[in-house]
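A.B. asks: Below: sequence and its predicted model.
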Amino acid sequence: MSSEHPSAIKNFLAGGFGGMCLVAAGHPLDTLKVRMQTQPSENPIYRNTWDCVKKTAAREGWRGFYKGMAAPMLGVAPMFAVCFWGYGIGKKLQLSSPDQQLT
């Protein structure tokens, strides 16, 4: 068995990439939610979520689902990077010797 543990930089990069994937996957759903919540109650623009998807794609293309994604990406990616980095450091602090395996 290998006793190699991921380096702190690998944990940091993995967390940052994971945060970016989270935003990329979740932002279109958040965009739909916000559009549904902020439409007027009288004469609503969208009948339901699927209608919101169709109208957004027709009016703005698929890029419309990712509008405003830069701000969450700039906030979430570093946050996840630091969380993964801290988790890796915490795991290393639990080891009594460098070749010990955590179970």
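C.D. replies: Yep, it's here. Model, not experiment: these values are computed from the prediction.

A.B. asks: what does stretch 45-59 contact?
C.D. replies: Outside stretch 45-59, the residues that touch it by CB atoms under 8 Å, 6 or more residues apart in numbering are 31-32, 35-36, 39, 64-65. Every C-beta, even on glycine, is put in place using the N, C-alpha and C of the backbone.

A.B. asks: what residue is smack in the middle of the protein?
C.D. replies: Nearest to the mean C-alpha position of the chain, by CA atoms, centre = their mean, lies residue 22 at 2.0 Å.

A.B. asks: Would you check that residue 15 makes contact with residue 22?
C.D. replies: No. Counting by CB atoms under 8 Å, residue 15 stays clear of residue 22, with 10.4 Å between them.

A.B. asks: got the contact list for the residue nearest to the centre of the chain?
C.D. replies: By CB under 8 Å, 6+ apart, residue 22 lies in contact with 76, 80.

A.B. asks: so where does it fall, helix or strand?
C.D. replies: Per DSSP states H and E, residue 22 falls inside helix 8-38.

A.B. asks: Could you give the secondary structure assignment for residue 86?
C.D. replies: Following DSSP: H, G, I helix; E, B strand; the rest coil, residue 86 is assigned to helix.
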